[in-house]
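A.B. asks: Sequence plus predicted model, see below.
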2 protein chains.
Amino acid sequence: MSSKKPKKVNIKYIAKIAGVSPSTVSRALRDDPNANKETKKRILKIAEELDYYPNLLAKGLRSKRTKTIGVILNDLKNPLYYDTIKAIEDKLNEVDYTMILCDSNYSQEMERKNIITMLSKGVDGVILSPVNAKSENIKIIIENNLKAVCIDAVPNYKNINYVYVNHEIASFVATEYLIKNKHQHILLLNGPYQLSSSKAFLKGYLKALKKYSIKPNRALIKYIDLSIESGCEFFKKIYQDRKIVGNINFTSILCLSDLLAIGIYKASHELGFSIPNNYSVIGYDNIFATEYLSPPLTTVHAPKIRVGKYSVDILLEQIEGKDTEFKKIDLEPRLVERGSVKKIS
Amino acid sequence: MSSKKPKKVNIKYIAKIAGVSPSTVSRALRDDPNANKETKKRILKIAEELDYYPNLLAKGLRSKRTKTIGVILNDLKNPLYYDTIKAIEDKLNEVDYTMILCDSNYSQEMERKNIITMLSKGVDGVILSPVNAKSENIKIIIENNLKAVCIDAVPNYKNINYVYVNHEIASFVATEYLIKNKHQHILLLNGPYQLSSSKAFLKGYLKALKKYSIKPNRALIKYIDLSIESGCEFFKKIYQDRKIVGNINFTSILCLSDLLAIGIYKASHELGFSIPNNYSVIGYDNIFATEYLSPPLTTVHAPKIRVGKYSVDILLEQIEGKDTEFKKIDLEPRLVERGSVKKIS
DNA sequence: TTCCTTTCTGGTAACGTTGCCAATAATAAC
DNA sequence: GTTATTATTGGCAACGTTACCAGAAAGGAA
């Protein structure tokens, strides 16, 4: 132990100390079966004493595996993702993987950049909430053989996994619930037009209307940004300027996101309206705190934790090569009755 | 262009196509000033056509810079962190950095593991919300020369940056506010005992009591886990079994976290108590949705976005080597008056 | 004894990039 | 015209690890 500790302890140095070759040290550290048990123990002890930690860049470069997965989301601001992120982290932690987290801000350009970054960083896989289901970006993933799971949208490509919370069912269930409670005029507050979730949500809404032979009214279908502020602004404008929704009356509002519903709560508060007396509100996602609102928000629960868990499960299976089949998982959202819908039977 | 595209386009291959050396390609791609403008343009075009993306593992290994920073949090479940995470992401995105996100779950062991992982992955710096201010783990950071910014706690070491939301001031301000509104008996719902934030919070609370010559009562100081459930359970138990708080009466509750406050809202709802009529509640953090609760939660706002922004600023400055001085930033929280405290003047 | 496994180890090269230095060509200076 | 300077390039080695192969040592079977 005469040679002094270098700036950075590496395998070579451990090898010198232990009097063996770097290969042997590498094998010992990796717990390779082709390594003597005693040697392993001895080397592990030395490594420990020297506060050795591996250089995962080198390891990844050589072995083509990084034990890292990328998580590319559309909108980090949306609390919707919190549970999913947490669930992903938990699962990954169990198997000693780490996560690189990115936000695409609903921009295809950003999403593309993020995917390329993941490729560059050599992640073993990605979990992606795509901006658009038909996105060219998904093609990049496929072409580069990057293991991936889409969440939040059913991608327009066969060769890709997804875990999808069925938005169509969500809006169908919600709309039907409203109709059954004697709401015929339902204002649909949808997300931005180009979003695939908006499209799916509209579909379910129309389907439910059709089932009950209610003629949809274009004036009652609105596309706005997914944020509390946006929902609030929009709703206040309706009352400042009746023209926006024309002279149509509605008795209830269905929102693509709980954020929009909260926006309506806020606007209502400022305008002096009362929910559900003046109109009913129903949200989607069942994000944090909606149950503590006043009135507690009736919403459609999206199983966000399961989305995270399943995504990781699928990804890991594919990374380990245990299963090469593409997984397509459809999760059903379920209505959570609370207090924001006036019930008439 | 006779040689066909390899599985993975790399610098060597581009060099072959362009008829130059790898060094030249590398320089061109890095926009090195020691490279001819025309050559650069030509090479960039070829790289583009070949859908080249760099191998950042190799780049990082060689250059000792990864344009990645680690974010190690204590409790991903707490919505408190999401504004910070978002702010970090935004800032990093501007400068083409990425973030590795980890959760330590209040465990020193996990935190240690996470720090080692960051070291192993060669991140350029970390943002850390330490489990404990005196943590040995921070020593690991210092010893390994890892650039770091602590958030959420003032570390017990000089050679480290921090951006701190002053918990002591937070609880002082809140306590004073309660006292001024004629609350003498304040139940302090603190976080786990060993948490440094709990200690600071207690300090501010005691300081305020002292200022107004109110004798603190040990029975009114409670340490519980930071979650809605924990707060709710605890509070329900108080009424199921009076022994827990003895026979002391309190007229108000100060919580280390809005989560605990929400827990009390929940318990109160179930028990049939009304806030602020039966007791006042004041929270801390001003997390998402607290303003929409009923009654809107009076709380102490923590500037979470600024914490994220400043942390990244500091970190980047240190990484770029522009500034080697250690930065110690103290941010003042401010009271947000809403409706959960009964006002008596 | 010889030969064949099995167990373990060491050596070499490679992953894809960049730092460094030497070499060349082009230009400017004298 | 010679020399100094600048601009640009190529070659080599290295970052720290592991894949792969060859070979030594040990043990077992014949």
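C.D. replies: Thanks, I have it. Everything numeric in this text was worked out from a predicted model, so none of it was measured.
A.B. asks: if I pick A:Thr39, what's in contact with it?
C.D. replies: By Cβ atoms under 8 Å, 6 or more residues apart in numbering or on different chains, A:Thr39 lies in contact with A:Val20, A:Thr24, A:Ala28. C-beta here means a position set from N, CA and C on the backbone, and glycine is covered the same way.
A.B. asks: Among these, which ones lie close to DNA strand C?
C.D. replies: A:Val20, A:Thr24 (Cβ under 7 Å from any atom of the strand).
A.B. asks: neighbour-wise, which of the contacts of A:Thr39 leads?
C.D. replies: Neighbour counts for the contacts of A:Thr39 (other Cβ atoms under 10 Å in any protein chain shown) peak at A:Ala28, which has 25 neighbours.
A.B. asks: Check A:Thr324 and give its pLDDT.
C.D. replies: Residue-level confidence at A:Thr324 comes out at 84, pLDDT.
A.B. asks: Grab the nearest non-local neighbour of it.
C.D. replies: Once flanking residues are discounted, A:Thr324 sits nearest to A:Gln318: 6.8 Å by Cβ to Cβ, 6 or more residues apart in numbering or on different chains.
A.B. asks: Let me know the helix or strand that that neighbour is in.
C.D. replies: helix A:304-319 (DSSP states H and E).
A.B. asks: Name the next helix or strand following that helix along the chain.
C.D. replies: Following helix A:304-319 in sequence order, the next helix or strand is strand A:328-331 (DSSP H and E).
A.B. asks: Just give me the neighbour total for the residue in the stretch 201-345 of chain A that chain B sits nearest to.
C.D. replies: Of all residues in the stretch 201-345 of chain A, A:Ser294 sits closest to chain B, at 2.9 Å by Cβ to the nearest Cβ. Neighbour count of A:Ser294, defined by other Cβ under 10 Å: 17.
A.B. asks: how about the closest residue to A:Asn10 other than its chain neighbours, what does it touch?
C.D. replies: Take A:Asn10 and drop its neighbours on the chain: the residue closest to it by Cβ to Cβ, 6+ apart is A:Asn55, 6.8 Å away. A:Asn55 sits next to A:Lys8, A:Asn10, B:Leu61, B:Ser120, B:Gly122 when contact means Cβ under 8 Å, 6+ apart.
A.B. asks: The third one: what secondary structure?
C.D. replies: I take that to be B:Leu61. helix (DSSP: H, G, I helix; E, B strand; the rest coil).
A.B. asks: pretty sure it contacts A:Lys59?
C.D. replies: No - between B:Leu61 and A:Lys59 there is no contact under Cβ atoms under 8 Å: 9.6 Å.
A.B. asks: which secondary structure elements does the lowest-mean-pLDDT helix or strand in chain A contact?
C.D. replies: Within chain A, confidence by mean pLDDT, DSSP states H and E is lowest for helix A:228-240 among all helices and strands, at a mean of 91. In terms of contacts (3 or more Cβ pairs under 8 Å, 6 or more residues apart in numbering or on different chains; DSSP states H and E), helix A:228-240 is packed against helix A:258-271.
A.B. asks: Check the gap between the residue lying closest to A:Ile141 once chain neighbours are set aside and A:Ile262 for me.
C.D. replies: Counting by Cβ to Cβ, 6+ apart, A:Ala148 is the residue found nearest to A:Ile141 once chain neighbours are left out, at 4.9 Å. Here the criterion is Cβ to Cβ, to the nearest Å. By it, A:Ala148 lies 32 Å from A:Ile262.
A.B. asks: Same check on A:Ile142?
C.D. replies: From A:Ile142 to A:Ile262 the distance is 37 Å (Cβ to Cβ).
A.B. asks: Of those two, which one has the most company?
C.D. replies: A:Ile262 (27 against 14).
A.B. asks: isn't that one right next to B:Glu291, touching?
C.D. replies: No - at 9.6 Å, A:Ile262 does not count as touching B:Glu291 under the criterion of Cβ under 8 Å.
A.B. asks: phi, psi of the nearest residue to A:Leu316 once chain neighbours are set aside?
C.D. replies: Distances taken as Cβ to Cβ, 6+ apart put A:Val95 closest to A:Leu316, at 6.6 Å, once the chain neighbours are dropped. With angles defined as degrees, to the nearest 10, A:Val95 sits at phi -110, psi 20.
A.B. asks: And for the one 4 residues further on?
C.D. replies: Its backbone dihedrals place A:Met99 at phi -120, psi 130, with angles given as degrees, to the nearest 10.
A.B. asks: do A:Thr290 as well
C.D. replies: According to degrees, to the nearest 10, A:Thr290 has phi -60, psi -30.
A.B. asks: what about it, neighbour count?
C.D. replies: Neighbour count for A:Thr290, taken as other Cβ under 10 Å: 25.
A.B. asks: give the contact list for the closest residue to it other than its chain neighbours.
C.D. replies: Spatially, and ignoring its direct neighbours in sequence, A:Thr290 is nearest to A:Leu297 (4.2 Å; Cβ to Cβ, 6+ apart). For A:Leu297, the contact set (Cβ under 8 Å, 6+ apart) comprises A:Asp258, A:Ala261, A:Ile262, A:Tyr265, A:Val281, A:Ile282, A:Gly283, A:Thr290, A:Glu291, A:Arg338, A:Gly339, A:Ser340.
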